[in-house]
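Asks: Predicted model follows, preceded by the sequence.
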Amino acid sequence: MTPLMLVHCWLMGSVRHDIPALAQLDSKHVLFLKGGNKMRNKMSSVMRIVEKMAREKNAWYDIKSDWDYDKVTKMWDAISPEFKRSIAKQKGRNRFAYSTVYRNMTDANAFNNPRNKEEKEKRQQQATVVCTSFRITRLS
């Protein structure tokens, strides 16, 4: 799911598929999915940044029922150049997953959460240990 798809699903859902706007769901609605709440939290985190950027560009509507396809597209057009450049770190690809965006945002500490920094350091230490043990095994 690309960030634009996420924005559409988050704000409007899909009438055709009888899916409500994902913003209306809370954790109890996704418990039956494996990793559903974690996925919903990641989507929510990305959408907080999208909302912040859209508010800075005066392209955000506070009333959830005001969102329609044209307004979502207009909002995305207003923020997408900055979003792609600063957050997504897009490298020559036209499509990228929101999960990649979430990972880049976490690595850049865009959510201002000290836990993210600890998790990044932990991942880097684990990667170092794996690489070191692999080299030691190969040298033996």
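Replies: Thanks, I have the structure now.
Asks: mind listing the helices for this structure?
Replies: Using DSSP state H, the helices found in the chain span residues 3-11, 36-56, 69-82, 98-107, 114-139.
Asks: Single out the most deeply packed of the ones you listed.
Replies: Greatest average neighbour count among the helices of the chain goes to helix 3-11 (a mean of 21), per mean count of other Cβ atoms under 10 Å. To be clear about C-beta, it is placed using only N, CA and C from the backbone, and glycine gets the same treatment.
Asks: angle of that one against helix 98-107?
Replies: Angle of helix 3-11 versus helix 98-107, following axes from the mean of the first three to the mean of the last three Cα atoms, to 10 degrees, is 90 degrees.
Asks: and helix 3-11, what other elements does it pack with?
Replies: helix 36-56, helix 69-82, helix 98-107 (3 or more Cβ pairs under 8 Å, 6 or more residues apart in numbering; DSSP states H and E).
Asks: how far off helix 36-56 does the shortest one point, in degrees?
Replies: By that I understand helix 98-107. Going by the same axes, to 10 degrees, helix 98-107 makes 70 degrees with helix 36-56.
Asks: before we move on, the earlier item: quick one: which of the helices and strands packed on helix 3-11 is nearest residue 28?
Replies: helix 36-56 (8.9 Å; Cβ to Cβ).
Asks: Need the residues that contact the closest one.
Replies: Contacts with helix 36-56, where a contact means Cβ atoms under 8 Å, 6 or more residues apart in numbering, come from 3, 6-7, 10, 22-23, 25, 27, 30-31, 33, 60, 75, 78-79, 82-83, 87, 98-99, 101-102, 105, 110-111.
Asks: Show me where this structure dips below the pLDDT cut-off.
Replies: Across the chain, the ranges flagged by pLDDT under 70 are 86-96, 98, 108-117, 120, 127-140.
Asks: One more pass at 80, please.
Replies: By pLDDT under 80, the weakly predicted segments of the chain are 1, 25, 27-37, 64-65, 84-140.
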